[in-house]
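A.B. asks: 3D, please:
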Amino acid sequence: MEVGAGAGNGAHALDAAAHPAGDVRVLAVEARPAEAALLADIVADAGAGTEQTVEVIRAALSDRPAPAVVATRQRAGRTVFPLPEWVRGGNRTTTLDALLAERPDLSWRRLVLHLGGTGTEAEILAGLTADPAIVAFEHREGAATAARLTAAGYRLFRFPDGVVAGPVAPFAGQPGPVLALARGLEPARLYGDVGDPTSPAAMVRAAAEARHLAAEGTRALVSGRFNEAGARFAEALAMDPDNAEALANLAGLLRRIGRRDAAAACWSRALANGAGPAVRTNLANVLRELGYLFAAEGEFARALEAEPADAGILYGFGLLERERGRSREAVTLFERAEQLAPGTVPRREWAAALLKSGNLARGMAEMAHRPAAPLPPVEAPAWDGGRLDARTILVRDEGDAIDTLMLARFIPQVARQGGLVVVECVPEAAPLLAGLPGVEQVVPRGQTLPPVDVAVNLLDVPRLLGTTSRTTPPRDVPYLRLPEGMPAHLTAKDGRLRVGIAWSGRPTDSAVPLGALLRLAADPRIVLVSLQRGPRAADLAANGGDPFVADLGKDCADLAGSAAVIAGLDLVVAADTAEAHLAGAMGKPVWVLLPHGCDWRWVDGRDDSVWYPTMRVFRQSMDGTWSAAMARVAEAAGAMAAGKSRA
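C.D. replies: Numbers count the residues shown, from 1 in each chain. All right, here's what the predicted structure looks like:
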């Protein structure tokens with residue numbers, strides 16, 4: 001029988017319970033309530049065999065019954081502090097003799113005593129009449145336990161390396177773990193597993209503790225206590241790095257806070273340890289988000305092989321196919337998902353897949369079901385697309401400058417319905433939209449709106465007017481021009497090709513590396529002009545490009561300023577930015593560098609744009625690099641520069 005006095009996390013108790021001899025009883029005595037309760041849970045989780053072997057006792061041990069304070073944390077190694085008899089308190093100490101007397105069925109067993117606490121060993125031993133066969137304790141300088149046991153006839157041994165494994169040597173006062181053997185007992189030749197101090201029993205214990213902690217974390221996760229859940233999962237994995245429940249749920253938390261690479265690693269490890277198809281789907285989705293499209297395809301295929309009728313897997317696979325430029329296949333997968341579980345595919349995702357597949361009419365119809373834009377309310381009914389008959393209509397953008405520039409072509413068509421058009425838009429676009437035919441007033445967002453009769457969001461106008469055919473919207477350019485009185489920004493006429501560049505659009509979109517665009521500066525027939533606005537304009541100096549690139553974008557207060565610069569250029573080469581769409585709306589030659597996962601306005605498989613006749617598209621390679629696209633851009637720009645120099 002082992003008695004663990006100050007059992008703590010139960011390490012020794014569970015090791016003893018797993019002893020190969022089998023016929024072992026363990027009393028795990030712990031004074032602190034929280035630790036005793038946790039140990040009881042761990043024992044219960046370890047299985048019925050362990051529960052029958054280990055008894056967890058919440059008790060404060062000393063040499064006599066007395067009032068005591070039980071500290072939640074150790075102080076100078078102690079947790080139990082006896083008090084005078086006249087002090088009234090909720091805790092009282094007891095003795096080992098008293099605990100053993102309450103269990104007469106254990107009286108015949110040989111006693112092994114493990115003293116887990118420090119500072120109370122002498123009191124605990126004084127409360128025990130029987131002589132244990134073995135006493136294990138941690139010796140510290142100045143402690144009297146070793147001397148007391150030696151005086152009682154015990155032989156003391158130590159573990160030379162401070163690890164409770166391997167051969168023992170005679171104790172000579174060194175701090176560390178000590179083994180005291182009663183008269184007649186000889187030490188074993190070896191203790192534990194010399195090659196691996198983590199014994200099989202310890203591994204069983206660690207796995208049981210990890211399962212308990214992972215279950216606690218899952219309960220916290222379900223209750224929305226995310227920080228607590230993360231801490232429990234981390235503790236579980238410290239005990240057992242292969243605990244599938246902790247790995248899978250920790251991965252979800254990591255993905256939630258944007259640490260997708262770590263989430264992918266956790267889900268991969270969870271799968272290696274027996275996690276189910278749902279975890280494989282999560283891994284596939286996060287690989288898609290990270291841009292590992294081929295790896296994501298393999299995981300989706302394996303997930304579908306295991307669960308061919310899972311609507312969630314079909315939906316995730318459809319998102320991947322859309323990002324790979326296979327939107328028609330994505331539509332097919334979305335349709336299968338909806339047949340199995342209606343409502344699985346958000347309508348906006350339907351719309352994006354349809355638009356990218358080239359079905360503009362149906363895609364724009366689905367756009368009606370997008371989430372509502374966070375716009376201030378207006379006291380006016382929604383326009384239904386009918387004749388206006390001299391009524392005033394408010395046309396509102398939804399805060400995205402790219403959408404505003406691209407769809408501004410439809411505003412004059414609203415005016416042709418016989419109404420007075422008031423436009424509310426992002427402030428940077430206001431000077432440009434004021435020049436559209438039929439626009440009576442432009443109100444930058446945030447300013448007071450005039451009274452209106454009806455209102456419509458700009459993104460709904462193509463659907464309401466019915467002007468979008470199945471494949472092609474109106475492509476008459478230019479439809480945006482410089483505001484009256486604003487001159488174009490003209491550069492020196494030296495026969496070189498003036499090329500404007502912009503490498504970053506929305507903060508959520510993928511940027512094109514500025515270094516790739518600077519490759520164009522190697523051609524002496526080309527002059528580069530930066531159109532980049534906002535914080536990313538600083539990239540130019542950071543990349544060493546400012547000596548040979550004119551930085552005009554940083555001085556543009558709004559899109560009208562950008563338009564003035566673009567008006568003086570021969571070509572714009574850019575990512576999917578407002579500057580690229582502005583150049584297209586002005587009828588300027590513009591080449592757009594498109595990443596994987598580009599949004600709904602770019603039809604798959606085309607090297608032009610259905611929205612702008614003067615636009616060409618250069619797509620990122622499937623391996624995620626831009627080298628091939630930029631080589632084609634440089635070759636085409638060189639040919640354009642040669643043509644200009646000969647003109």
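A.B. asks: Residues contacting stretch 291-310, please?
C.D. replies: Contacts with stretch 291-310, where a contact means C-beta atoms under 8 Å, 6 or more residues apart in numbering, come from 277, 280-281, 283-285, 287-288, 313-314, 316-317, 320, 323-324, 340, 596-597, 622, 624. For every residue, glycine as well, the C-beta is placed using N, CA and C.
A.B. asks: among the residues you listed, which ones are buried?
C.D. replies: Burial by neighbour count, 16 or more other C-beta atoms under 10 Å: within those this picks out 277, 280-281, 283-285, 287-288, 313-314, 316-317, 320, 323-324, 596-597.
A.B. asks: How about the contacts made by E141?
C.D. replies: With contact taken as C-beta under 8 Å, 6+ apart, E141 is in contact with P175.
A.B. asks: Return the distance of the strand ranked longest in the chain from the chain's centre.
C.D. replies: Ranked by residue count, the top strand of the chain under DSSP state E comes out as strand 67-75. From the chain centre to the centre of strand 67-75 is a distance of 41 Å (C-alpha atoms, centre = their mean, to the nearest Å).
A.B. asks: which of the residues in it are buried?
C.D. replies: P67, A68, V70.
A.B. asks: separation between L514 and M630?
C.D. replies: 12 Å (C-beta to C-beta, to the nearest Å).
A.B. asks: center of the protein, which residue is that?
C.D. replies: R255 (2.1 Å; C-alpha atoms, centre = their mean).
A.B. asks: which ones are touching the spatially closest residue to R409 that is not a sequence neighbour?
C.D. replies: The spatial neighbour of R409 that comes closest, neighbours along the chain excluded (C-beta to C-beta, 6 or more residues apart in numbering), is Y479 at 4.8 Å. By C-beta under 8 Å, 6+ apart, the contact set of Y479 is A408, R409, P412, L436, A585.
A.B. asks: Can you give me the separation between Y479 and A580?
C.D. replies: 16 Å.
A.B. asks: any low-confidence regions in the stretch 151-300 of the chain?
C.D. replies: Within the stretch 151-300 of the chain, the segments meeting pLDDT under 70 span 161-165, 192-204.
A.B. asks: What segments of it are strands?
C.D. replies: 155-158, 169-170, 176-181 (DSSP state E, counting those that start in this stretch).
A.B. asks: So for A382, which of these sits nearest?
C.D. replies: In terms of C-beta to C-beta, the element of the strands of the stretch 151-300 of the chain nearest to A382 is strand 176-181, at 78.5 Å.
A.B. asks: Output the contacting helices and strands for the closest one.
C.D. replies: strand 134-139, helix 145-151, strand 155-158 (3 or more C-beta pairs under 8 Å, 6 or more residues apart in numbering; DSSP states H and E).
A.B. asks: try 6 Å this time
C.D. replies: strand 134-139, strand 155-158 (3 or more C-beta pairs under 6 Å, 6 or more residues apart in numbering; DSSP states H and E).
A.B. asks: now the first one against strand 176-181, angle please.
C.D. replies: Calculated by axes from the mean of the first three to the mean of the last three C-alpha atoms, to 10 degrees, strand 134-139 forms an angle of 160 degrees with strand 176-181.
A.B. asks: Using PDB, write out every CA atom in stretch 122-140.
C.D. replies: What follows is stretch 122-140, C-alpha atoms only, in PDB (Å, rounded to 0.1, in the frame of the first residue of the first chain):
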ATOM      1  CA  ALA A 122       8.500  15.500  10.700                       C
ATOM      2  CA  GLU A 123       4.900  16.200  11.900                       C
ATOM      3  CA  ILE A 124       3.500  13.600   9.400                       C
ATOM      4  CA  LEU A 125       5.900  10.900  10.600                       C
ATOM      5  CA  ALA A 126       5.200  11.700  14.200                       C
ATOM      6  CA  GLY A 127       1.500  11.000  13.500                       C
ATOM      7  CA  LEU A 128       2.300   7.400  12.300                       C
ATOM      8  CA  THR A 129       2.900   4.600  14.800                       C
ATOM      9  CA  ALA A 130       3.600   1.900  12.200                       C
ATOM     10  CA  ASP A 131       7.000   1.700  10.600                       C
ATOM     11  CA  PRO A 132       6.800   2.000   6.800                       C
ATOM     12  CA  ALA A 133       8.800  -0.400   4.700                       C
ATOM     13  CA  ILE A 134       9.800   2.400   2.400                       C
ATOM     14  CA  VAL A 135       9.800   6.200   2.800                       C
ATOM     15  CA  ALA A 136      10.300   8.500  -0.200                       C
ATOM     16  CA  PHE A 137      10.900  12.200   0.200                       C
ATOM     17  CA  GLU A 138      12.700  15.200  -1.200                       C
ATOM     18  CA  HIS A 139      15.600  16.200   1.000                       C
ATOM     19  CA  ARG A 140      16.500  19.900   1.400                       C
END
